[in-house]
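Novice: structure of the sequence below:
(one chain, ligands or ions: 1)
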Amino acid sequence: MEAFVKKQLELLQQEREAEIEETRAWQENVSLKELQRKGVCLLKLQVANQRTGLYGRLLVTFTPKKYDPEAVLPSNSFGSGDIVGLYETNSPSEPLATGIVSGITQKTVNVAFDESHNDALNLGSECTYRLLKLANDITYKRIKKALTSLGQYHSGPASNLIDVLFYSSEPKDLVQSRPLEFFNLALDDSQKAAVIFSLKQREVAIIHGPPGTGKTTTVVEIILQAVKQGLKVLCCAPSNVAVDNLVERLAVYKEKILRLGHPARLLQSLQHHSLDAVLARSDNAHIVADIRIDIDQTFAKMKKQQGKEEKRSLRTEIKGLRKELKEREEAAMVETLKRANVILATNTGSSPDGPLQLLPKDHFDLVVIDECAQALEASCWISLLQAKKCILAGDHKQLPPTIISHKAAANGLSLSLMERVIEKYGDKIVKMLTVQYRMHQSIMQWASQELYGGRLLAHSSVASHLLKDLAGVSITEETSIPLLLIDTAHCGLFELELEDEQSKGNPGEVRLVDLHIQTLIKAGVKAQDIAVIAPYNLQVDMLRQCLRHRYPELEIKSVDGFQGREKEAVVLSFVRSNSKGEVGFLGEDRRINVAITRARRHVAVICDSHTVGNHKFLKDLVTYFNEHGEIRSAFEYLEDIVPEKYSRENDSAGKQDNQTQKKFVAKIKKSESEHSSNPTQLDSNIIGPSDCRGEISCACMHRRW
Ligand SMILES: Nc1ncnc2c1ncn2[C@@H]1O[C@H](COP(=O)(O)OP(=O)(O)OP(=O)(O)O)[C@@H](O)[C@H]1O
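Specialist: Prediction:
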């Protein structure tokens, strides 16, 4: 364990340095205007409104400094929960304060500033300000602290758990428990088995939930059963979205739950479960509300005051009121925390230096970590040190946590706790869910064979569902097939080669995606039921530029950004098409698994089978589509393709013994004769290579891949 802690601390340091370096590299070398263009800075803002909100914080609404009330903010990447620095326009270096974005519209951005800051904050309505997105080092500090505590842990509630997770003792024999009465009567046998197994294990149980197998459904049942047994549960996940998902699902059962975390970061519909909201409903609430009114009134008085002395005295008064507010809230906090049966937070939000420090060390009986395979192991130790037993849920066959430092990732930072422990103990501690409720069986079968030992079964409600079965969708060729591959091999639709661009784009594939989307929409499939997914951010940008204005409800995202989601139809653009046969990070099996398994009824893959065929896993995918789906050549879609030279096509067509290749040769010949007499133009509505280049140069700076 000591060796693990030492190594993790080193790797974390490398990761932190890589992140700082990345941020510095693109922030230092560019002007503020350039930063605004890249979406990470908002210039010339004015204060439209400021009030005490979000449970005692100063909430400031900023708008563009223009006299036109219709003025909108420039396009930006600000989102709820982002940490931002507030600067005066004319003072370039130090921020006046840091805050958290609590909401953003086209015309306004709301920022919540904590009490410690807003004493000093005196924002004038005539001044102009800028907001800049900042890197967050709180997460690193908390993870580091947890690792240090793990290294120094001698005795406490988590002793046995630590021994098992670091292999100095075996997971203990099962303890007997009485037959369960399930809350959710629809659970399937594999889910029931996972619930029973998890409750019986003494130190650790793992729920392996392949895509769509009801992992969260199972975790919710486990939590409800644990509470029924009188246990206090701390439930975590690496992201706010995943935690909110659990809060939403548990709330249905009217369980006593409490969500920790800055209210600005929580889904609005769930804010009433937040600690701040529960406190606001506590017996102290009236007194607290009165103090808040006093704060607002004193604040308003202070702003009108001209005299320095009076201002200072009012500021002191505000400080005193805030102190009283805090003390009263803290007293109520202990009571609220103790009353809850399930406390939910992100991994880092469960830090014992937050509200949880008010609880006794042995308060929790069970820690549940959902989406554990996507979390840094070190971040899991923040909550794990607080209980004697843990249940981990996730799927280590999907994408691991995002790591910036390739070196740190290669040396073990991307290995999740879940994967590490499964490697050691295998079936002794794992139960896999085997019935999936998302995909048509042909879509599922590929993932099952390749990654899940052929153990997945499609539930009868989804096994043969197709797009044509959806209300309002007509029966066409496209809506009647679950698997379609549009092959660009030998069509000359190469990826862009740009020296200063790390990411990849492929304009030809953008056109093919567009045409396939048009076909689906024409058949009656709703844009909101379709996702377009590409592994590269540059391609995502290009696809958005081409499609967004026509189909605002179409979701276009990177693979990594779509993990955990599903859509009726998914169109994938694999992008890579080059003479060297390079597939880059498309060669990560887990990324392809996530991409394919987002689809419920239809998945269309657009790729160059010649290029991706150089990678075994991708080649097998193409073969699978060949055997179980429909394959079309890009020639069937684009009239204006100038085929590649015969030398390249000959060599692969001879090697790959499949019908597609034969089809292509025929197509190439046909197309060649047509093209020689009928050169066509690029459709002016469709993005072409020259349109894309402008977008590339301004979108690349903040991209990892
Ligand atoms: N036993 C069941 N009977 C019917 N439907 C179920 C069952 N279990 C899960 N589902 C459905 O399957 C879908 C996926 O469930 P859930 O969100 O729990 O899965 P998940 O594994 O957490 O998802 P993801 O793969 O996105 O992580 C939901 O629509 C859920 O209602």
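Novice: and the residue in the stretch 501-650 of the chain that the ligand sits nearest to, how many neighbours does it have?
Specialist: Across the stretch 501-650 of the chain, the shortest distance to the ligand (Cβ to the nearest ligand atom) belongs to Gly564, at 4.8 Å. In this view, the C-beta of every residue, glycine as well, is placed from N, C-alpha and C. Burial of Gly564, expressed as a neighbour count using other Cβ atoms under 10 Å, amounts to 18.
Novice: likewise for Glu423?
Specialist: Around Glu423 sit 10 other residues, with neighbours defined as other Cβ under 10 Å.
Novice: ditto for Val252
Specialist: Once other Cβ under 10 Å is used to define contacts, Val252 is seen to have 10 neighbours.
Novice: how about low-confidence regions in this protein?
Specialist: Along the chain, the model assigns pLDDT under 70 to residues 25-29, 53-56, 66-70, 92-93, 115-120, 174-177, 264-265, 499-502, 642-705.
Novice: any idea which residue of it lies closest to the ligand?
Specialist: Nearest residue of the chain to the ligand: Gly214, at 2.8 Å (Cβ to the nearest ligand atom).
Novice: dump the residue contacts of that residue.
Specialist: Taking Cβ atoms under 8 Å, 6 or more residues apart in numbering, we find Gly214 in contact with 187-188, 191, 433, 435, 437.
Novice: just put those in CSV and tack on secondary structure.
Specialist: Compiled in CSV, the contacts of Gly214 are given as follows (DSSP: H, G, I helix; E, B strand; the rest coil):
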residue, secondary structure
Leu187, coil
Asp188, coil
Gln191, helix
Leu433, coil
Val435, strand
Tyr437, coil
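Novice: near the ligand too, which of those residues?
Specialist: Filtering these for proximity to the ligand (criterion: Cβ under 6 Å from any ligand atom) leaves 187-188, 191, 437.
Novice: returning to what we had before: residues contacting the residue of the stretch 501-650 of the chain closest to the ligand?
Specialist: 241-242, 371.
Novice: now whichever strand or helix holds Arg322: buried residues?
Specialist: Of the helices and strands defined by DSSP states H and E, Arg322 is found in helix 308-339. Neighbour counts using 16 or more other Cβ atoms under 10 Å place 311, 314-315, 317-318, 321-322, 325, 328-329, 332-333, 336-337 of helix 308-339 among the buried residues.
Novice: of the residues you listed, which are in range of the ligand?
Specialist: Residues of these in contact with the ligand (Cβ under 6 Å from any ligand atom): none.
Novice: put together a markdown table for those, with distance to Ala345 on each row.
Specialist: Rendered in a markdown table, the data for those read as follows (distance: Cβ to Cβ, whole Å):
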| residue | distance to Ala345 |
| --- | --- |
| Lys311 | 39 |
| Leu314 | 37 |
| Arg315 | 34 |
| Glu317 | 34 |
| Ile318 | 30 |
| Leu321 | 29 |
| Arg322 | 25 |
| Leu325 | 23 |
| Arg328 | 23 |
| Glu329 | 18 |
| Ala332 | 18 |
| Met333 | 14 |
| Thr336 | 14 |
| Leu337 | 11 |
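Novice: what parts of this protein come near the ligand?
Specialist: Contacts of the chain with the ligand, taken as Cβ under 6 Å from any ligand atom, map to 186-188, 191, 209, 211-217, 437, 564.
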